[in-house]
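**Q** Okay, sequence plus prediction incoming.
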Amino acid sequence: VPEGGAGFLTVTPGSGHWLDLRLELPELGGAIALVARARRMFDCGADPAAINAHLSRDAALKPLVRQRPGLRLPSAFDPFELAVRAIVGQQVSVAAATTVTGRVAARCGTPLAGPRAGLTHLFPAPTALASANLDGLGLTTRRADTLRGFAQAVTAGDLLLDTPRGPDAFAARMMALPGIGPWTAQYVALRAFGEPDAFPTGDLGLERALPGVDLAQRSLDWCPWRGYAALHLWAGPGD
Amino acid sequence: MISPARGEREGKSPQPASPKTASRPAADLISCSPWNWTTTSATAPCSARDPRFDGRFFTAVRTTGIYCRPVCPAVTPRRRNVTFYACAAAAEQAGFRPCKRCRPEASPGTPAWLGTSATVSRMLRCIAEGALDDGSVADLAARLGLGPRQLTRLCERHLGTTPVRLAQTRRVHFARALIEQSALPLSQVALAAGFGSLRRFNALMKATYGCAPGDLRRRKSVGTAAPFATAPKRDSPGHADLPPRLPPALRLAATGALPAGSRHPGRRARHG
């Protein structure tokens, strides 16, 4: 959904080694950037051979890499939306976070003129969330304050939602906000921007995947592809 | 390789350098490759047309003035006539024209690994997502935490070209894909590809391809095969569910790491 109007971006598996992207836009200006954006969302530029070779040097990752040799690092279209999801998702289950984020979108977002495929609202803009009443949506008071504080920082331009200087520089700025720790900041760098070397140390799922391992230390071996390592660990051995 | 030789029709091409002088050699490729290619080993993937190397480098042939993807189906040129470039923009800056068979504009793009320099990767990402469409090189450099000259130097060193060239090449290639694969009016193509004006669009397309955008569209059957399926008509079955007065919609494939382009039935565009 580009700024200034709603559009639809539909991505479907192609009939070969590609994806089909369909853009429906109120006007064509900027279509080129949207295609690039879609490519980033689906991590089309990844080089699995190099990533796999590097991660396979770790005995714990090797079987996971063999299981999913084509793993990509998908990321969100709207970094703000993803960050809100991450904040809402702090210390709650994915299912609960999804429900609550849906309520936030329904209350503060803009309804779509022509809903489609279950999409009914545009996600709230930072300005809309900065002063929103978030009572009764299932958020703790502190979490609601964190959300508003985050939206205010983005609105005021204090927090640039981009990672031109790398995930760590972004995480440092985001962690300066109240209620935001390293997990949230690194998770946002990973999933909002597809930063290949972002790594949410302290993630419960990652700790469970490699019990008794000092992740902060061990993950240094996985640079500059710590993000892919995290995805492999989350996905687990599978079947 | 079917294209007319470089400079054949264009006296006032803005490309200053001759292919001989501005070669950006494989040495640079080696420096940014994790695999330590040597100059000779880079020819192996060319003659094998190995799709894994598609998008990682381009081969330019001095005798024809054309540059190609490593997967180009054309006859493998003699090694001594070949120069390697890390990106299409560098080959174009050196005065080469894109091959009309393998279509460098359809290559899978510069992969994210391109980085002994993470900054260069991020610069490429910013440019791809429009940083130089409505901002200056100085703005882009500031975003990346560099001075403008520092950024230009870094770009030169790793890619053999300038940020502005990268942005231009990307627009030109996108426009060419739309010209050939869609029925969009040329003014809309220019808009979609991020050109500031039609004049600029016409000038750059002509400089790159040696002919006007309209000629490219008329000539689109040139090549080995019709690469993209014909767009279905608005009223054909399967499109009845689209809302009326649909704005121009374009349909393009974001190519992954594997073969794209000439055998690409998924790429088509529809004018609504």
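**A** Good, I have the coordinates.

**Q** which ones are touching the closest residue to A:A60 other than its chain neighbours?
**A** Nearest residue to A:A60, sequence neighbours excluded (CB to CB, 6 or more residues apart in numbering or on different chains): A:L210, at 6.0 Å. Every residue, glycine included, has its C-beta placed from N, CA and C. In this structure, A:L210 makes contact with A:A60, A:R218, A:L233, judged by CB atoms under 8 Å, 6 or more residues apart in numbering or on different chains.

**Q** Pull out the buried members of those.
**A** Among those, those scoring as buried are A:L233 (criterion: 16 or more other CB atoms under 10 Å in any protein chain shown).

**Q** ok, B:H173 to B:A89 distance?
**A** Counting by CB to CB, to the nearest Å, the separation of B:H173 from B:A89 is 9 Å.

**Q** Which secondary structure state does the nearest residue to A:R226 once chain neighbours are set aside sit in?
**A** The spatially closest residue to A:R226, leaving aside those adjacent along the chain, is A:F199, at 3.8 Å (CB to CB, 6+ apart). With DSSP: H, G, I helix; E, B strand; the rest coil as the basis, A:F199 sits in coil.

**Q** these two touch, right, A:F199 and A:D221?
**A** No. Contact between A:F199 and A:D221 fails when scored by CB atoms under 8 Å: they sit 11.5 Å apart.

**Q** now, among the contacts of A:L210, which is nearest to A:D135?
**A** A:L233 (37.0 Å; CB to CB).

**Q** Now the closest one. Nearest residue, chain neighbours left out?
**A** Residue nearest to A:L233 in three dimensions, not counting chain neighbours: A:A209, with 4.0 Å by CB to CB, 6+ apart.

**Q** List the residues that contact the one you found.
**A** With CB under 8 Å, 6+ apart as the criterion, the residues that contact A:A209 are A:L233, A:W234, A:G236.

**Q** buried sites along stretch A:63-71?
**A** In stretch A:63-71, the ones that count as buried by 16+ other CB under 10 Å are A:L64, A:V65, A:R68, A:L71.

**Q** The second one and A:L71, how far apart?
**A** When you say that, I think you mean A:V65. As defined by CB to CB, A:V65 lies at a distance of 8 Å from A:L71.

**Q** Which residues are in contact with each of the two?
**A** Once CB under 8 Å, 6+ apart is applied, the residues that A:V65 and A:L71 both contact turn out to be A:H232.

**Q** and A:R148, what element?
**A** Secondary-structure element containing A:R148, defined by DSSP states H and E: helix A:141-155.

**Q** tell me which strands and helices that helix is in contact with?
**A** For helix A:141-155, the elements it packs on are helix A:79-88, helix A:126-130, judged by 3 or more CB pairs under 8 Å, 6 or more residues apart in numbering or on different chains; DSSP states H and E.

**Q** Which of the helices and strands in chain A ranks last by mean pLDDT?
**A** Comparing helices and strands within chain A by mean pLDDT, DSSP states H and E singles out strand A:110-116 as the least confident, with a mean of 80.

**Q** Buried residues, the helix or strand following that strand. List them.
**A** Downstream of strand A:110-116, the first helix or strand assigned by DSSP H and E is strand A:119-122. The neighbour-count check on strand A:119-122 (16+ other CB under 10 Å) flags A:H121, A:L122 as buried.

**Q** hmm, back to that, so B:H173 and B:A89 - more neighbours on which side?
**A** When B:H173 and B:A89 are compared on other CB atoms under 10 Å in any protein chain shown, the one with more neighbours turns out to be B:A89, at 27 against 23.

**Q** Surely that one and B:T169 touch.
**A** Yes. A contact is recorded between B:A89 and B:T169 when judged using CB under 8 Å, the distance being 3.9 Å.

**Q** So for A:F199 and A:D221, which sits in the more crowded spot?
**A** Comparing A:F199 with A:D221 by neighbour count (other CB under 10 Å), the higher total belongs to A:F199, at 29 against 13.

**Q** Distance of the more buried one relative to A:L233?
**A** Applying CB to CB, one obtains 10 Å for the distance of A:F199 from A:L233.

**Q** Kindly report the same for A:V35.
**A** Taking CB to CB as the criterion, A:V35 is separated from A:L233 by 31 Å.

**Q** what does A:T141 give?
**A** Distance from A:T141 to A:L233, counting by CB to CB: 33 Å.

**Q** How far off centre is the strand or helix carrying A:Q217?
**A** Applying DSSP H and E as the criterion places A:Q217 in helix A:215-218. A distance of 22 Å separates the C-alpha centroid of helix A:215-218 from that of its chain, computed with CA atoms, centre = their mean, to the nearest Å.

**Q** could you give me the average pLDDT of whichever helix or strand A:T12 is part of?
**A** Here A:T12 sits within strand A:8-13, counting by DSSP H and E. Averaging the model's pLDDT scores along strand A:8-13 yields 89.

**Q** Return the list of strands paired to it, each annotated with direction.
**A** Taking DSSP bridges as the criterion, strand A:8-13 sits next to strand A:18-24 (antiparallel) in its sheet.

**Q** Show me the shaky parts of the stretch 51-200 of chain B.
**A** With pLDDT under 70 as the threshold, the stretch 51-200 of chain B has low-confidence stretches at B:51-52, B:108-116.

**Q** coming back round to it: mind checking pLDDT for the residue nearest to A:A60?
**A** According to the model's per-residue confidence, A:L210 sits at a pLDDT of 92.

**Q** What distance do you get for it to chain B?
**A** Distance of A:L210 to chain B, given as CB to the nearest CB, to the nearest Å: 25 Å.

**Q** still on that earlier bit, what residues of the helix holding A:Q217 count as buried?
**A** Using 16+ other CB under 10 Å as the test for burial, helix A:215-218 gives A:L215.

**Q** right, and the helix or strand after that helix?
**A** Moving toward the C-terminus from helix A:215-218, the next helix or strand (DSSP H and E) is helix A:226-235.

**Q** Relative to A:L61, how far out is the residue at minimal distance from the centre of chain A?
**A** Closest to where the C-alpha atoms of chain A average out (CA atoms, centre = their mean) is A:R191, at 2.3 Å. Using CB to CB, one gets 20 Å for the distance from A:R191 to A:L61.

**Q** One more: B:E105?
**A** Between B:E105 and A:L61 the computed distance is 36 Å (CB to CB).

**Q** now swap in A:G30 and tell me
**A** Between A:G30 and A:L61 the distance, using CB to CB, works out to 39 Å.

**Q** can you check A:G202 too?
**A** A:G202 is 19 Å from A:L61, where distance means CB to CB.

**Q** The two: which is more packed in?
**A** Each of A:G202 and A:L61 has its neighbours counted (other CB under 10 Å); A:L61 has more, 21 against 13.

**Q** Ignoring the adjacent residues along the chain, who's closest to that one?
**A** Ranked by CB to CB, 6+ apart and with sequence neighbours excluded, the top spatial neighbour of A:L61 is A:L55, at 4.7 Å.

**Q** same deal with B:R165?
**A** In this structure, B:R165 finds its nearest non-sequential neighbour in B:A89, 4.4 Å apart by CB to CB, 6+ apart.

**Q** what separates the one you found from B:R217, distance-wise?
**A** When CB to CB is applied, the distance between B:A89 and B:R217 equals 23 Å.

**Q** Check A:S56 too.
**A** For A:S56, the distance to B:R217 - CB to CB - is 47 Å.

**Q** Please apply the same query to A:R218.
**A** The separation that A:R218 has from B:R217, given CB to CB, amounts to 56 Å.

**Q** same check, this time on A:T184
**A** Distance of A:T184 to B:R217, computed by CB to CB: 50 Å.

**Q** And for A:H121?
**A** Between A:H121 and B:R217 the distance, using CB to CB, works out to 40 Å.

**Q** So what's the residue count around the residue nearest to A:L61?
**A** A:L55 is surrounded by 21 other residues when neighbours are defined as other CB under 10 Å.

**Q** what's the answer for A:D158, then?
**A** A:D158 sits with 11 neighbouring residues when counted by other CB under 10 Å.
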